[in-house]
Every structure is written in C-alpha cells, then in structure tokens.
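> give me a model of this one.
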Amino acid sequence: MRSPRSTFELVCRLAAFGVLGWLLGGSVMSSPTRRLERASTSGIAGRVAAWTRSPPNVRLHADLTTAPDPWIVDWLAALGHSGHGVTWSGSPPAVAMGTEAVADPRGSVRVDVAAPAHTRVVLRDSASVVDSVRVSELGATIMTPLVVGDLVADVGAQRVVASAPDSAPLRSIVVVGDASWEGKFIVSALEERGWPVVARFHVAPNVDVTQGTPLVLDTNRIAAVVAIDTSVQSLGSALEHFVHEGGGLVLAGAASSASAVVSLTPGSVGARTRVVLGPADTIGLGTTGFYPVTALKSDGVILDRRPSGIAVAARRIGAGRVVQIGYDDSWRWRMAGGPGSEVAYRDWWSRVIASVAYLPGSLPRGAVTQSASAPLAHLTERLGPARPVSADRLPSAPIDQRILLGLIMIFLLMEWSSRRLRGLK
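Prediction:
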C-alpha cells in the first residue's frame with residue numbers, strides 16, 4: 001500500500017507535468033480570445049506596426065471618435081485578412097465631400113460637403129484657406145474659381161480630402177428669338193463672360209440673322225439653348241431630343257408657352273406682372289416684371305419666388321435640365337440699374353447657363369481616392385460596422401509564463417525534498 005509521503009510525491013510530480021503540459025499546449029494551440037489589444041483614435045497610428053508583429057491569437061480593437069486615415073484602415077483590414085480579429089467601436093461623424101467642375105469659362109469648382117447639422121466646415125487647398133461655412137441641414141456648398149492642389153476640409157474634428165477636377169472644354173450656347181434688346185444683351189453678357197455664343201434672331205418673315213456656325217443641336221457642340229420668346233417653336237422636336245440627351249434649356253419670358261416646349265417646362269405661363277417705379281427708383285432683377293410660373297409640375301423645383309408669384313423654376317428631363325425664367329426684359333437691370341448692375345447682370349446670366357449647361361465628365365487632377373473623401377464609408381466597407389467589445393466578453397489576461405515555470409520548479413523541489421527525507425535519491 002502506498003504511503004502518504006509517496007502519494008504526496010506522486011501528486012507533486014503529476015502537478016509539475018500538468019503545468020508543463022499546460023504551458024506547452026498554450027504555445028501550440030492558441031485561442032483567438034486569449035488577448036485583446038486596444039487603441040484610441042490618437043494612438044492607433046503608432047500601434048499598427050506593433051500589432052503587425054503580434055501573434056494571430058491577439059484580438060485588435062480600435063476605439064474611434066473620428067475615422068482614421070485611409071492607410072490605417074487598409075492596414076487594419078490587411079491584419080484582419082491575416083488571421084487577427086479586428087473590430088472597432090465609436091461614432092465617427094458621417095462626413096463626405098465631392099468636387100465637380102462647373103460649366104463656367106472661369107473654370108470654377110463646386111465643392112459639396114455632407115455633414116451633421118451645425119458643423120463648421122473649413123475648406124483649404126495647398127495654397128491657403130478657401131472658405132468656411134456652417135452646415136444648416138444636411139450639407140453645404142462652396143464655389144471657388146481657383147484650386148491649387150488638393151482640397152482639404154476640416155469638418156468638426158474629422159478631416160476629408162478630395163482632388164479638384166480638371167476643367168472641361170465648354171460647348172457653345174445657342175440664343176434664339178426675335179430681334180430685341182433682351183436677346184442682344186443676353187448675348188453680350190455671355191460673350192463678356194467668355195462663353196462661345198451662337199445666335200439666331202428673327203428680324204422679318206423668313207429672314208433670320210445668324211451669328212456663329214450653323215445651328216445644329218448636338219451635345220458634342222452645344223451646351224445649352226436660351227429661348228427668349230415663342231420663336232423657339234422653329235426648333236421643333238430636335239430641341240426635346242437635345243434636352244433628353246443632356247443638353248440644357250433656358251426658357252425666358254413667354255418662351256415657355258410655345259407648343260414645342262410644353263412637355264419640357266417646369267410649369268405654365270401666367271399673366272405678366274408689372275411693377276410701377278418712380279423716376280428715381282433703381283431697377284433691379286426683381287423690379288423688371290415677369291411672367292410667373294403657374295401650375296408647377298410635380299417634379300418642378302422653385303428657384304426664385306417673388307410676392308407676385310414664382311419667377312424662376314427648374315426641372316430635370318432625362319439627362320438634361322430645363323430652367324423657366326419669367327423675366328423677359330432683364331436688360332433694363334443692366335442699363336438702368338444701380339452701381340455694379342452690369343457685372344451683376346453678367347454674373348447672374350452666367351450662373352443660369354452654368355446650372356443647365358451640358359458638361360462632359362472630368363477626371364480629378366490629383367491622386368486622392370474616394371476613401372479620403374468619405375472616411376466613415378471607407379471604414380465601414382473595409383472593417384464592417386462598429387462592434388463594441390462588451391465587458392462580459394473581454395478575454396481574461398493570460399498567466400505569465402514565468403509564474404508557470406516557477407510552479408513547475410516548486411512542485412519538483414517539493415518532490416525531491418520529500419524523497420531526500422525518506423533517504424531516496
């Protein structure tokens with residue numbers, strides 16, 4: 001029968017071998033939840049290199065208040081593909097920025113920023129600060145005539161980057177109508193701005209005066225058509241086809257009542273409003289009188305509303321856009337307006353044309369990818385949705401291997417001491 005001392009020695013020996021087996025098994029068979037490494041937004045850039053050298057059984061988790069730079073997100077995604085469990089939590093702001101070349105001889109760029117309401121946006125390029133704005137609802141738009149390098153926007157604490165697009169070549173603008181002061185000054189304003197203009201004015205029965213190349217409605221050559229009266233009827237069905245293919249159409253004054261464009265207009269034409277001015281009154285755009293837009297169609301959008309009715313409305317038709325302008329004698333604004341009215345008149349008509357003009361797609365000048373212009377979308381696409389690490393699922397801290405080696409030595413020493421006391425070797 002085994003004595004108590006020999007039983008004690010056996011237990012010590014088995015315990016030593018058990019701890020040794022646990023130590024060896026832990027080094028061979030790893031568990032994905034044995035360790036957890038965490039990093040915050042400010043420290044994650046300095047941790048990814050160390051995480052790369054960690055064994056696959058280490059879980060990696062990022063606590064984020066803003067989306068990291070795209071290279072960090074891509075690095076974390078690569079670690080996930082290599083066997084690490086990579087997760088993230090937090091609520092980075094949903095921010096995105098896009099740039100678009102504006103159909104303008106000056107080569108302007110439109111910058112659209114989507115951000116939470118009341119967020120302050122500071123836009124800069126490689127040269128200096130471009131502008132700043134506070135978001136009112138879903139986003140903000142900034143127009144800039146010149147961009148140096150890439151555009152960077154600080155949207156609250158989040159930073160987004162986008163490349164400015166190349167300026168696209170401009171097509172001609174066609175102005176058609178009866179010979180009048182309105183047509184003359186519209187053509188002059190567009191040419192002064194730098195637009196190439198093709199004009200056709202009806203001066204007598206079967207007599208037209210044409211400026212520029214022969215009139216062919218094709219988006220390869222024409223960006224938009226401006227009709228100043230019902231003589232646009234002469235363009236027939238070619239005008240509707242032109243708009244559906246992406247061309248722009250501006251209907252001024254009573255032009256919207258022509259039967260050839262009824263299917264394209266945002267609304268109907270009402271009775272002309274008249275404004276009575278005194279001899280000393282300054283004429284502005286809102287004091288020239290206009291044909292109000294009535295019976296607005298369901299997809300029509302109001303752009304300018306006056307006390308006496310809707311002055312400007314717009315509508316999208318196929319790939320093109322149509323703007324209906326009630327003003328039919330805007331030239332008075334230029335000729336009898338206050339100081340600066342000439343420039344204001346020219347800029348206003350150029351903005352109207354830019355809002356509808358056909359503009360072929362342009363490529364960005366820089367190499368910034370969409371991941372930098374929509375950081376939260378890139379983060380979610382590469383790492384999946386946020387998954388907070390709950391406290392009941394946190395892995396326990398691993399036992400230090402030095403402690404396990406110490407236990408093995410203690411058990412072996414206890415067995416050896418007991419055997420020596422019994423006189424055994």
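> is His202 in a bridge, and if so with what?
Counting by DSSP bridges, His202 is bridged to Asp178, Asp208.
> and it, how many neighbours?
Neighbour count of His202, defined by other C-beta atoms under 10 Å: 18. Where you see a C-beta, it was placed from the backbone N, CA and C, and this is true even at glycine.
> who touches it in this structure?
Counting by C-beta atoms under 8 Å, 6 or more residues apart in numbering, His202 touches 177-179, 208, 231.
> can you list the domain ranges for the protein.
When the chain is parsed with automatic domain parsing, its domains come out as 4-86+397-421, 96-167+363-373, 172-356.
> please pull up the helix or strand immediately following the longest helix that the chain contains.
In terms of residue count, the longest helix belonging to the chain (DSSP state H) is helix 4-28. Later in the chain than helix 4-28, the nearest helix or strand by DSSP states H and E is strand 35-40.
> that next one pairs with which strands, and in what direction?
Strands that pair with strand 35-40, judged by DSSP bridges, come out as strand 58-64 (parallel).
> what residues sit buried inside the following helix or strand past the partner strand?
Downstream of strand 58-64, the next assigned helix or strand under DSSP H and E is helix 70-81. Neighbour-count burial for helix 70-81, with 16 or more other C-beta atoms under 10 Å as criterion, is recorded at 70, 72-73, 75-77, 79-80.
> repeat that for stretch 6-15.
For stretch 6-15, a neighbour-count test (16+ other C-beta under 10 Å) marks 9, 12, 15 as buried.
> list just the nearest of these to Val121.
Of all the buried residues of stretch 6-15, Ala15 has the smallest distance to Val121: 66.2 Å, by C-beta to C-beta.
> and that closest one, what does it touch?
Contacts of Ala15 by C-beta under 8 Å, 6+ apart are 407, 411.
> ok, now Ser371?
Neighbouring residues of Ser371 by C-beta under 8 Å, 6+ apart: 70, 73-74, 378.
> excluding residues flanking it in the chain, which one is nearest Phe201?
Closest residue in space to Phe201, ignoring its immediate chain neighbours: Ala179 at 4.3 Å, by C-beta to C-beta, 6 or more residues apart in numbering.
> so that neighbour is in contact with Ala204, correct?
No - using C-beta atoms under 8 Å, Ala179 and Ala204 do not qualify as a contacting pair, with a distance of 9.0 Å.
> what helix or strand is Val111 located in?
Residue-wise, Val111 maps onto strand 109-114 under DSSP H and E.
> swap that for Glu100, please
Secondary structure from DSSP H and E places Glu100 in strand 96-101.
> tell me the angle that strand makes with strand 109-114.
Interaxial angle of strand 96-101 relative to strand 109-114 (axes from the mean of the first three to the mean of the last three C-alpha atoms, to 10 degrees): 160 degrees.
> report the buried members of the contacts of His202.
In the contacts of His202, the ones that pass as buried (16+ other C-beta under 10 Å) are 177, 179, 208, 231.
> so for stretch 287-302, what gets flagged as buried?
287-293, 296, 300.
> contacts for that stretch?
Contacts for stretch 287-302 (C-beta under 8 Å, 6+ apart): 253-254, 256, 265-275, 277, 281, 306, 308-316, 324-330, 332-333.
> out of these, which are buried?
253-254, 256, 265-270, 273, 306, 308, 310-315, 324-330, 332-333.
> among the residues you listed, which ones are in strands?
Secondary structure from DSSP state E places 268-269, 306, 310-315, 324-325 of the buried ones among the contacts of stretch 287-302 in strands.
> burial count for Val216?
The tally of other residues near Val216 (other C-beta under 10 Å) stands at 12.
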